[in-house]
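> Give me coordinates for this.
(4 chains)
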There are 4 protein chains.
Amino acid sequence: MARILKDPGVGYKSNRNAQRLIINGSSNVKHINRARTIDDLYTYLINISWGLFLAYVLLGYVLINAIFGFVYLLIGVQEFQIVKGSLWEDFIHLFFFSAQTITTVGYGAIAPNGVWAGVISSLEALVGLMSFSFITGLLYGRFSKPKAKIKFSDHIVVRDFEDTRALMFRVMNKRTNMMIEPELNAIMSITEKNETGEFNRAFYQLNLERNKIMYLPTMWTLVHKMDKESPLYKYSKEELEALEVEIYILFQYHEETFNQKLYQLHSYDFSQLKIDYKFDVSYDFDEDGFTIIDHHKLNDIKKI
Amino acid sequence: MARILKDPGVGYKSNRNAQRLIINGSSNVKHINRARTIDDLYTYLINISWGLFLAYVLLGYVLINAIFGFVYLLIGVQEFQIVKGSLWEDFIHLFFFSAQTITTVGYGAIAPNGVWAGVISSLEALVGLMSFSFITGLLYGRFSKPKAKIKFSDHIVVRDFEDTRALMFRVMNKRTNMMIEPELNAIMSITEKNETGEFNRAFYQLNLERNKIMYLPTMWTLVHKMDKESPLYKYSKEELEALEVEIYILFQYHEETFNQKLYQLHSYDFSQLKIDYKFDVSYDFDEDGFTIIDHHKLNDIKKI
Amino acid sequence: MARILKDPGVGYKSNRNAQRLIINGSSNVKHINRARTIDDLYTYLINISWGLFLAYVLLGYVLINAIFGFVYLLIGVQEFQIVKGSLWEDFIHLFFFSAQTITTVGYGAIAPNGVWAGVISSLEALVGLMSFSFITGLLYGRFSKPKAKIKFSDHIVVRDFEDTRALMFRVMNKRTNMMIEPELNAIMSITEKNETGEFNRAFYQLNLERNKIMYLPTMWTLVHKMDKESPLYKYSKEELEALEVEIYILFQYHEETFNQKLYQLHSYDFSQLKIDYKFDVSYDFDEDGFTIIDHHKLNDIKKI
Amino acid sequence: MARILKDPGVGYKSNRNAQRLIINGSSNVKHINRARTIDDLYTYLINISWGLFLAYVLLGYVLINAIFGFVYLLIGVQEFQIVKGSLWEDFIHLFFFSAQTITTVGYGAIAPNGVWAGVISSLEALVGLMSFSFITGLLYGRFSKPKAKIKFSDHIVVRDFEDTRALMFRVMNKRTNMMIEPELNAIMSITEKNETGEFNRAFYQLNLERNKIMYLPTMWTLVHKMDKESPLYKYSKEELEALEVEIYILFQYHEETFNQKLYQLHSYDFSQLKIDYKFDVSYDFDEDGFTIIDHHKLNDIKKI
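Next up is the predicted model:
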């Protein structure tokens, strides 16, 4: 008999049919009354798209130069060794002077002469050095941030296997290097409506024939045998298709390029189930005997 | 019977009622005769508040420019292509020249001409590059330092549970991402006064129904069953309320944003105990079936 | 009897004699239809040779200055306070101005005067700061990237050992520090041609007398006893020499210098097999009793 | 009976009494015929003293400016907008110009005018940006490098303990934060001279009453019971004192400040043995009940 898991960190019941807890590898939970901290800013800046990140940088650059340009205008154009023109011309000159100061280019065609010009421009150079290092740190952090690059098959198949049935899905490395010590753990939740109309969720460990290998050069097919130990044992094909099942997966491996252990979340539900299908062979050999993996074949299944 | 732990790294007895060893997740132990090293400086600069850190930077910047400004004054203003003024005017000019050199802005309106001016300003530029990289490294290190963001419930509750009683507390992720593979280990210390007036401490592993889960989207209630195996089994409600108990917790999980395993210390004592209370439901569902977690509800308990 | 492994992540059979999956510690698998991402660029730039990396940097530097020089030429030389010469002379001047701007040197002998010159040069300084930090981040990342420095013996030997035979190979640390907690896991694949001319591969865990030690100061000889549990037990010397065997190894240890767990892949096949040979002693002692390890001796074997 | 370890990664015998393999937490093995790589340079620059590191930086700075200054001299002083003086004066000026270029200060009082001056100075600015980032990366890497800060007691004691004898030593955290999940593993080697005058070494796992704790606020006393399972069981006090014993220790814990698992090697030999001594109490309490740890008390032992 399948053993029900206690407190897997999610609720046992709901008054309505609940959404999946994980979508696209991210939490699908809504938070309210959450206190924000400076760490959220870091997380935000690391995770936004490159376009948005660069737009923020450019906007910030224009803004800070406008502010310093305005302050320099208040100090007076005569403290910067430039010939006085219209207000707008002065501002433009001082805006450029600010840009030359904050980036530490400092051509010197415009240069501070008086005390206030010296104080504020010294300060701006300090601000510039510190904020640019921060921005460029973020930029490099974004580029070098390790991300797990696992692709899961679109479908789960159920087929006859050995003396029983088995549920299978497969995974592939999107990179060309080897995944070292990949390991996959999964929980299955089965939701059933009780007499009072509430939805009860039961959670089970999803037992796999093998859930850890030494390294993975090609694709890896995960096999859950639907034998007596499986919570799915008792269901017929038709019942399986109608069943509300979610599979929550945690995949981990050591990534060679970044020398770090990486994790990837994934979830399936039974709308992705294909009964009496099997996966196509995942690898081939070329004329010289080299193993070939075709990334387009991950999702190839065929009717048995 | 509960098994007493040997040498958990703290003392078994004290001549007075000792303070908790952990307060706010940090060590509450006083060190004397400790040798300080350069590492302590790094730790200090990483952990101080942002305001203090920036104040140090600004102060250091003013100080180092004052020092170099003074050295340039000793060399003589004529080596810097500026018109001699009062001593104060000269110093101000050379202070700004120092700031322009150390930040590598180098406008050039003031520029070194003689040999000593050249030597010292070349050196200052080197010092500037090295110290600024260090400061900005610290600045970025402070920002990107991973911190465990676990919140523990204010109270521990004791309530009837299954065929016995149980002690419970709960934890929540302050971030919106999933905590991966959270694990909680705890030690309980019970202090009792012996006949001679000394305080004896006995340490026990705090057994939990479940102390590791795959990932945690919402809140997690930790359950210690007060059955025959528990050191708390023999105490009545009244005795429990009067008992000197401390619970030392080590919480660990993998943080997705930083790709690191993070640890958080915590401690409870029995002044935080609520008997015959239970925790409110920790999650809800909105109209679309999304799971909702309200961060204000972590501490909601109610009388049974 | 030796137990066959299920799904080690590679295929069980091939229509031809397949190449080894790992060559020189890297995946020997060909990928087709793979989607490229920006991460591939990072991986590429981290892994290319130093010469190529520096060539890219230099090329990029010349190219970007040529582009900006050309843009400045379009704006007009009169906006940069230089005396107009031939088109080529103007371009050369503006090319140098661009280099002075993008590196933030900014001598100021050439300096922007008009609005467009100011806008583009301000932008170039921003581009410069951001791209240089990125390049230098890469440069430092390349230098400080931890790499496992394990050397495997060129040969595997088979010799009589205790009451049976044993297969042995040895490993050595190329660095002078201690390898902490080295651990070696290995899989053996035996390929045999069946009646229909297909090649069947069977995979086995390679059992070792000891596969993990506390730390490794010198060399380490790994010993697989070819007893009844071994898949090689049934083969005679002559059969062993003709056998198609591959050994896939995953070596891991904690590297002190980088404070990281490092992994190294390796593979052997039986063309590297030497029967009735043994390894020479791997260490010696000098007059003062210091242990000596001679890196040239790793591969020293002698006929028994 | 004590079980002898197979292949602990060091030799079983020597023709002379060998030196300890670990001294001051570092490998005491001599390497010959070792191929050097660029990684050795990184390791070297990270591990040398601060004084030596800064001396290298200063030396490199002077040297590179001298080289570029000489190249500029070859190009000719007229390409740098300076008035020609003696050869030495020209060189000094161009040396300073080089320093202003490589640090990107670029005052502009001296500025390149001709084509070759422009080419070489553009190149120098590129070299400067890249090498300075590298140096400052090293500088920051040196500062933020996590180092295990464990102090071991100077002596090992042997004393009567429970119904047998025990060997004990203790460790302390040199920092004020908690050590998380400290774990200690040890191997004991006993060297005995055989009839032919050779030294035979036998290796044993050193069994400890407890070798892992949750966290360590004060000191930790490690206890090896010298019962029937111990290789030391059979020796009398006098024999113990004369015995050639080395204990090789691997200590590991999670360091909070750096969020990394750190390792520290250590070794004892029996010249550090004190028989019939015991360690003083390692902690105290002040008037407010705070636990106090006195770093000077680590080595306090007293005769029983």
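
> Just give me the neighbour total for the closest residue to A:Leu58 other than its chain neighbours.
With CB to CB, 6 or more residues apart in numbering or on different chains as the criterion, A:Leu58 has its nearest non-adjacent residue at 7.6 Å, and that residue is C:Leu126. Where you see a C-beta, it was placed from the backbone N, CA and C, and this is true even at glycine. Neighbours of C:Leu126 under the rule other CB atoms under 10 Å in any protein chain shown: 22.

> C:Leu126 contacts A:Leu59, correct?
No: at 11.7 Å, C:Leu126 does not count as touching A:Leu59 under the criterion of CB atoms under 8 Å.

> about what we covered before: do you know how far the residue nearest to A:Leu58 is from chain D?
Distance, C:Leu126 to chain D, using CB to the nearest CB, to the nearest Å: 15 Å.

> Now that residue, what are its backbone angles?
Dihedral pair for C:Leu126: phi -60, psi -50, per degrees, to the nearest 10.

> helix/strand/coil for whichever residue of the stretch 101-250 of chain A sits closest to chain B?
As assessed by CB to the nearest CB, chain B sits closest to A:Ser133 within the stretch 101-250 of chain A, at 3.1 Å. State at A:Ser133, reduced to three classes by DSSP: H, G, I helix; E, B strand; the rest coil: helix.

> For it, give me its contacts.
B:132-133, B:136-137, B:139-140, C:133 (CB atoms under 8 Å, 6 or more residues apart in numbering or on different chains).

> Low-confidence ranges, the stretch 201-304 of chain A, go.
The model of the stretch 201-304 of chain A has no residue with pLDDT under 70.

> where do the helices sit along it?
A:237-242 (DSSP state H, counting those that start in this stretch).

> how much space between A:Phe53 and C:Val127?
Going from A:Phe53 to C:Val127 by CB to CB, to the nearest Å gives 15 Å.

> These two: which has the busier surroundings?
The neighbour comparison of A:Phe53 against C:Val127 (other CB under 10 Å) goes to A:Phe53, with 18 against 15.

> Enumerate every residue touching the more buried one.
A:45, A:138-139, A:142 are the contacts of A:Phe53 under CB under 8 Å, 6+ apart.

> Return the subset of the residues you listed lying in helices.
Among those, DSSP state H puts A:45, A:138-139, A:142 in helices.

> Can I get the buried part of these as one PyMOL selection?
Listed next is the PyMOL selection for buried residues among those, using 16 or more other CB atoms under 10 Å in any protein chain shown:
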select buried, chain A and resi 45+138+139+142
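
> Identify, from the ones in helices among the contacts of A:Phe53, the entry nearest to D:Gln81.
A:Leu139 (36.4 Å; CB to CB).

> C:Thr136 is in contact with that closest one, correct?
No: counting by CB under 8 Å, A:Leu139 stays clear of C:Thr136, with 11.6 Å between them.

> Around chain D, which positions in the stretch 101-250 of chain A sit nearby?
A:104, A:106-108 (CB under 8 Å from any CB of the partner chain).

> and those as CSV, adding secondary structure, pLDDT and neighbour count?
Converted to CSV, those look like this (DSSP: H, G, I helix; E, B strand; the rest coil; pLDDT from 0 to 100; neighbours: other CB atoms under 10 Å in any protein chain shown):
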residue, secondary structure, pLDDT, neighbour count
A:Thr104, coil, 94, 26
A:Gly106, coil, 93, 32
A:Tyr107, coil, 93, 29
A:Gly108, coil, 91, 26
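
> and which of those residues is nearest to chain D?
Looking across those and measuring by CB to the nearest CB, the closest to chain D is A:Gly108, at 5.2 Å.

> mind checking how far that closest one is from C:Ile75?
A:Gly108 sits 20 Å away from C:Ile75, going by CB to CB.

> do A:Leu298 as well
52 Å.

> Dump the residues of the stretch 101-250 of chain A next to chain D to TSV, plus distance to A:Leu5.
Putting those into TSV (distance: CB to CB, whole Å) gives the following:
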residue	distance to A:Leu5
A:Thr104	59
A:Gly106	64
A:Tyr107	68
A:Gly108	70
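
> how does chain A divide into domains?
If you go by automatic domain parsing, the domain ranges for chain A are A:4-29+A:148-303, A:39-144.

> ok, and of the ones in helices among the contacts of A:Phe53, which contact chain B?
A:Leu138.

> By proximity to chain C, which residue of the stretch 1-150 of chain A wins?
Counting by CB to the nearest CB, the stretch 1-150 of chain A gets nearest chain C through A:Thr136, at 3.1 Å.

> Spell out which parts of the stretch 101-250 of chain A neighbour chain B.
Residues of the stretch 101-250 of chain A found near chain B (CB under 8 Å from any CB) are A:101, A:104-108, A:111-113, A:115, A:118, A:121-122, A:125-126, A:128-130, A:133-134, A:137-138, A:141, A:145-146, A:185, A:187, A:248, A:250.

> Just the buried residues out of those residues, in ChimeraX syntax.
A single ChimeraX command selects the buried members of those (16+ other CB under 10 Å):
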select /A:101,104,105,106,107,108,111,112,113,118,121,122,125,126,128,129,130,133,134,137,138,141,185,187,248,250
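
> could I get the domains of chain A as TSV with distance to C:Tyr233?
Putting these into TSV (distance: least, CB to CB, whole Å) gives the following:
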stretch	distance to C:Tyr233
domain A:4-29+A:148-303	22
domain A:39-144	49
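
> Between those, which one is closest to B:Ile92.
So among those, domain A:39-144 is nearest, using CB to CB, at 6.1 Å.

> Can you give me the end-to-end span of the closest one?
From its first residue to its last, domain A:39-144 covers 19 Å (CA to CA, to the nearest Å).

> Tell me what the closest residue to A:Lys237 other than its chain neighbours is bridged to.
Leaving aside its chain neighbours, A:Lys237 sits nearest to A:Ile275 (5.3 Å; criterion: CB to CB, 6+ apart). Assessed by DSSP bridges, A:Ile275 has beta-bridge partners A:Val158.

> if we can go back for a sec, which two among the contacts of A:Phe53 are spaced furthest apart?
Most distant of those, by CB to CB, are A:Leu45 and A:Leu139, 9.7 Å apart.

> where does the stretch 151-300 of chain A come near chain C, residue by residue?
So far as CB under 8 Å from any CB goes, the stretch 151-300 of chain A lies against chain C at A:174-178, A:180-182, A:209-210, A:213-218, A:220-221, A:223, A:254, A:256-257, A:259, A:281-283, A:285-296.

> Recalculate using a threshold of 6 Å.
Neighbours of chain C within the stretch 151-300 of chain A, by CB under 6 Å from any CB of the partner chain: A:176-178, A:180, A:210, A:213-214, A:216-217, A:220, A:254, A:257, A:259, A:283, A:285, A:289-296.

> Narrow these to those that are buried.
Buried among those by 16+ other CB under 10 Å: A:177-178, A:180, A:213-214, A:216-217, A:220, A:254, A:257, A:259, A:283, A:285, A:291, A:293-294.

> contact partners of stretch A:260-267?
Stretch A:260-267 is contacted by residues A:20, A:22, A:25, A:146, A:148, A:150, A:152, A:248-249, A:251-252, A:254-255, B:180, B:254, B:259 when judged by CB atoms under 6 Å, 6 or more residues apart in numbering or on different chains.

> Same question for stretch A:81-101.
Residues outside stretch A:81-101 that contact it (CB under 6 Å, 6+ apart): A:65, A:68-69, A:72-73, A:77, A:106-107, A:110-111, A:113, A:121, A:124-125, C:118, C:122.

> Show me what counts as buried in that stretch.
Applying 16+ other CB under 10 Å to stretch A:81-101 flags A:81-82, A:90-101 as buried.

> Can you tell me the number of residues neighbouring the closest residue to A:Asp276 other than its chain neighbours?
Ranked by CB to CB, 6+ apart and with sequence neighbours excluded, the top spatial neighbour of A:Asp276 is A:Ile304, at 5.1 Å. A:Ile304: 10 surrounding residues under other CB under 10 Å.

> Having no further points to raise, I will conclude here.
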